[in-house]
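K.L.:
Here is the input, now give the coordinates:
(one chain, ligands or ions: 1)
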Amino acid sequence: METVVSGIRSTGNLHLGNYFGALRNFIKMQESANCYFFIADYHSLTTHPDPAALHGNVRSILAEYLAAGLDPEKSAIFIQSDMPQVAELYLLLNMHAYIGELERTASFKEKMRKHADNVNAGLLTYPTLMAADILIHRADKVPVGKDQEQHLEMTRKFARRFNTKYGVNYFPEPEPYNFGSDLVKVPGLDGSGKMGKSEGNGIYLADSDTDIRKKVMRAVTDSGPTEPNSEMPETIRNIFTLLEIVSSPDTVAYFRERYADCSIRYGDLKKQLAEDIIATVAPIRERIVAIQNDDVYLSQVARRGAERAQESARKTIAEVREIMGIKRF
Ligand code: TRP
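P.N.:
Next up is the predicted model:
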């Protein structure tokens, strides 16, 4: 069985773009692969060292992932900072990571610009920590978005370098996995491209029904088609794309016809879209609230996930120490 590792940022709540994009694929992947999903709280310290907020962020992300369908019976779901072996492998990998290559990483250069007052060593070695997350389980595959491709490329390089330096064939080079055509791209409702946190156009799994209605009613439209069967501008196409994701085929067909014969009323379209989004989001939101308030369940999940992940991590660390010549008296 293939081993898959994926880290989840511990800042930022889940929106429909995350849910219908990568998350639904994670949920499917649990059935056929040996999955390790973790919340990357160490990584968040490179830019967001906030003791008052950290644990709450981890809790809400964990609750959201569980509510959306990550299953602790099927996958190891855990918190990065519960893994001392990851910290150790990070230290060891740093001995073979060159300052020059770390400085040339695109994300580092960007963060240097954005956080000029806090260019810390953790930021520089972000890619070695990510490599440690992945290599500790000797992963075969890592689902990655565009922004993480270079980091994964560096993980592959570190794995190769380790194998060459020590004359072993120990770490597999993990392959990037982007879900191909299974990856649903969710558009924003502000007329621009995709839904995203940084775009500020997200509909979140934790949003109330009222929030959702408000956001959908504000979606950018135009004055409507004036000729039958005219082509849709991007703004309207985006609304239809979302409708296709959350509504029934009949509903989509109904509004497509109204568009084609110019009788469409965008107000009706948006009302329908809002209700269908609510039908998807509301049950998940209810589960989020229930899980978030269930300390016993959360701690059970986190402990069990850490136990599972540590089992594989301990084995790797013992073997890596052996390969590197670290021996106990
Ligand atoms: N850097 C990733 C992000 O910002 C999160 C992450 C940390 C990760 N460690 C990982 C992703 C290991 C995949 C594998 O999204």
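
K.L.:
Looks to me like residue 191 is in a helix.
P.N.:
No. Under DSSP: H, G, I helix; E, B strand; the rest coil, residue 191 sits outside any helix and is assigned coil.

K.L.:
Setting aside sequence neighbours, what's the nearest residue to it?
P.N.:
Excluding its sequence neighbours, the residue lying closest to residue 191 (Cβ to Cβ, 6 or more residues apart in numbering) is residue 220, at 3.8 Å. (C-beta placed from N, C-alpha, C; glycine too.)

K.L.:
what about that neighbour, is that helix, strand or coil?
P.N.:
coil.

K.L.:
how near is it to the ligand?
P.N.:
28 Å (Cβ to the nearest ligand atom, to the nearest Å).

K.L.:
do the same with residue 319
P.N.:
Residue 319 is 20 Å from the ligand, by Cβ to the nearest ligand atom.

K.L.:
so residue 264 touches residue 255, yeah?
P.N.:
Yes. Counting by Cβ atoms under 8 Å, residue 255 is a contact partner of residue 264 at 6.5 Å.

K.L.:
Let me know the pLDDT of the closest residue to the ligand within the stretch 201-329 of the chain.
P.N.:
Closest approach between the stretch 201-329 of the chain and the ligand, counting by Cβ to the nearest ligand atom: residue 309, at 12.3 Å. Here the pLDDT value assigned to residue 309 is 98.

K.L.:
count of neighbours near residue 185?
P.N.:
12 (other Cβ atoms under 10 Å).

K.L.:
My guess is it contacts residue 16. True?
P.N.:
No. Counting by Cβ under 8 Å, residue 185 stays clear of residue 16, with 11.3 Å between them.

K.L.:
before we move on, back to that, phi first, then psi, for the residue nearest to residue 191.
P.N.:
phi -70, psi 130 (degrees, to the nearest 10).

K.L.:
element containing the residue nearest to residue 105 when sequence neighbours are not counted, please.
P.N.:
Excluding its sequence neighbours, the residue lying closest to residue 105 (Cβ to Cβ, 6+ apart) is residue 127, at 5.8 Å. Here residue 127 sits within helix 126-135, counting by DSSP states H and E.

K.L.:
for that helix, the distance to its chain's centre please.
P.N.:
Centroid separation for helix 126-135 versus its chain: 16 Å, with Cα atoms, centre = their mean, to the nearest Å.

K.L.:
what's in contact with it?
P.N.:
Residues outside helix 126-135 that contact it (Cβ atoms under 8 Å, 6 or more residues apart in numbering): 5, 7, 38, 40, 42-43, 46, 80, 86-87, 89-90, 93-94, 97, 102, 105, 107-108, 122, 142, 148, 150-152, 154-155, 158-159, 162, 171, 174, 316.

K.L.:
Kindly report the same for stretch 87-97.
P.N.:
Stretch 87-97 has contacts (Cβ under 8 Å, 6+ apart) with 42, 125, 127-129, 131-132, 135-136, 158, 161-162, 165, 313, 316-317, 320, 324.

K.L.:
ok, and does stretch 77-88 reach over to the ligand?
P.N.:
No. Counting by Cβ under 6 Å from any ligand atom, the ligand has no neighbours in stretch 77-88; the shortest distance is 7.3 Å.

K.L.:
should've said stretch 20-35
P.N.:
No. Figure legend: stretch 20-35 not in contact with the ligand (Cβ under 6 Å from any ligand atom); closest approach 9.8 Å.

K.L.:
quick one: contacts for residue 101?
P.N.:
Contacts of residue 101 (Cβ under 8 Å, 6+ apart): 154, 157.

K.L.:
Distance from stretch 217-234 to the middle of the chain?
P.N.:
Here stretch 217-234 is found 32 Å from its chain centre; the criterion is Cα atoms, centre = their mean.

K.L.:
and the helix ranked longest in the chain with helix 126-135, angle?
P.N.:
Criterion DSSP state H: the longest helix present in the chain is helix 295-324. In terms of direction (axes from the mean of the first three to the mean of the last three Cα atoms, to 10 degrees), helix 295-324 departs from helix 126-135 by 100 degrees.

K.L.:
Quick one: list the elements packing against helix 295-324.
P.N.:
Contacts defined by 3 or more Cβ pairs under 8 Å, 6 or more residues apart in numbering; DSSP states H and E place helix 295-324 against strand 34-40, helix 51-68, strand 76-79, helix 84-94, helix 266-292.

K.L.:
How about that helix, which residues are buried there?
P.N.:
For helix 295-324, a neighbour-count test (16 or more other Cβ atoms under 10 Å) marks 298, 301-302, 305-306, 308-310, 312-313, 316-317, 320, 323 as buried.

K.L.:
Next to the ligand, which bits of the protein? Give me the list.
P.N.:
Counting by Cβ under 6 Å from any ligand atom, the chain comes close to the ligand at 5, 6, 7, 9, 40, 43, 130, 133, 134, 142, 148, 151.

K.L.:
other SSEs contacting the one helix or strand the third one maps to?
P.N.:
Spelled out, that is residue 7. For residue 7, the enclosing helix or strand under DSSP H and E is strand 3-9. Counting contacts by 3+ Cβ pairs under 8 Å, 6+ apart, strand 3-9 packs against strand 34-40, helix 41-44, helix 51-68, helix 126-135, strand 141-143.
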